[in-house]
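> got a structure for you, letters missing:
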């Protein structure tokens with residue numbers, strides 16, 4: 001019996017991410033992923049019981065790795081809340097506007113209504129990030145730096161503001177990935193609107 005290893009699991013997730021991006025969820029197969037990893041499909045199923053589960057874990061793994069730096073910006077109690085939120089907004093927007101992330105969203109939209117994978121993706125990815133942001137905003141409200149409100153709704157508002165200018169155009173292929181300067185300006189506008197509503 002082969003022993004599962006963290007390194008092997010990570011290697012599978014990296015390869016699976018490439019395959020899903022290249023082929024889409026429907027066309028990607030466990031055979032193709034196993035072939036590229038350099039092992040058998042039996043080994044692959046030993047780590048992930050289904051293609052659906054593998055996809056969800058790929059999304060969680062890649063999202064956590066890429067979004068980690070954004071959430072690290074959320075230091076509660078900072079004297080410059082505007083700067084903290086702007087830097088968070090820049091890193092968050094830079095991630096969600098990459099071709100890879102947009103491709104993942106498109107895959108999930110195409111699956112909505114056919115299975116529960118889209119709703120499970122929502123819970124594992126966007127909702128989890130929203131909860132982290134809500135916890136930070138709640139601390140800022142309790143510290144008197146933001147108006148008292150429902151922190152979960154405030155987090156949803158902030159994330160929507162950050163992506164409002166680009167998300168639909170990117171999903172529809174109507175615009176290119178924003179430049180670093182554009183990301184900075186978009187984040188600045190989003191935070192200004194958010195603080196106009198929630199700031200003390």
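Sure, I can see it. Keep in mind that this is a model prediction, so the values were computed, not measured.

> and residue 142, how many neighbours?
12 (other C-beta atoms under 10 Å). Where C-beta positions appear, they are placed from N, C-alpha and C, glycine not excepted.

> Do you know the pLDDT at residue 2?
Looking at residue 2, its pLDDT is 55.

> Just give me the residue closest to the centre of this structure.
The centroid of the chain falls nearest to residue 63 when counting by C-alpha atoms, centre = their mean (4.6 Å).

> Okay, and that one sits in which element?
Assigned by DSSP states H and E, residue 63 falls within helix 51-72.

> pLDDT averaged over that helix - what is it?
84.

> Run the chain-centre distance for it.
In terms of C-alpha atoms, centre = their mean, to the nearest Å, the centre of helix 51-72 is found 7 Å from the chain centre.

> what angle do the helix or strand immediately after that helix in the chain and helix 51-72 make?
Scanning forward in sequence from helix 51-72 by DSSP H and E, the next helix or strand is helix 81-96. Using axes from the mean of the first three to the mean of the last three C-alpha atoms, to 10 degrees, the direction of helix 81-96 lies 150 degrees away from that of helix 51-72.

> Next SSE downstream of helix 81-96?
Past helix 81-96, the next helix or strand by DSSP H and E is helix 99-111.

> buried stuff in that following helix?
Of all the residues in helix 99-111, those buried under the rule 16 or more other C-beta atoms under 10 Å are 101, 102, 104, 105, 106, 107, 108, 111.

> cool, stretch 163-180 as well?
Here stretch 163-180 shows 163, 165, 166, 167, 170, 178 as buried, counting by 16+ other C-beta under 10 Å.

> residue contacts, the fourth one?
So that's residue 167. Contacts for residue 167 (C-beta atoms under 8 Å, 6 or more residues apart in numbering) come out as 96, 97.

> Not counting its neighbours along the chain, what's nearest residue 40?
Nearest non-adjacent residue to residue 40, counting by C-beta to C-beta, 6 or more residues apart in numbering: residue 34, 6.1 Å away.

> mind listing what that neighbour touches?
Contacts of residue 34 (C-beta under 8 Å, 6+ apart): 40, 41, 43, 44.

> my guess is residue 125 meets residue 57, correct?
No. Residue 125 is beyond contact range of residue 57, at 11.1 Å (criterion: C-beta atoms under 8 Å).

> Which one of the two is surrounded by more residues?
residue 125 (21 against 17).

> any idea how far residue 103 is from the more buried one?
Separation of residue 125 from residue 103 (C-beta to C-beta, to the nearest Å): 14 Å.

> Helix or strand for the residue nearest to residue 40, just tell me which one.
Following DSSP H and E, one finds residue 34 within helix 30-37.

> Beyond that helix, next helix or strand please.
Scanning onward from helix 30-37 (DSSP H and E), the first element met is helix 41-47.

> Outline the domain layout of this protein.
When the chain is parsed with automatic domain parsing, its domains come out as 1-49, 59-198.

> quick check, distance from the shortest one to the centre of its chain.
This means domain 1-49. Between the centre of domain 1-49 and the centre of its chain there are 21 Å (C-alpha atoms, centre = their mean).
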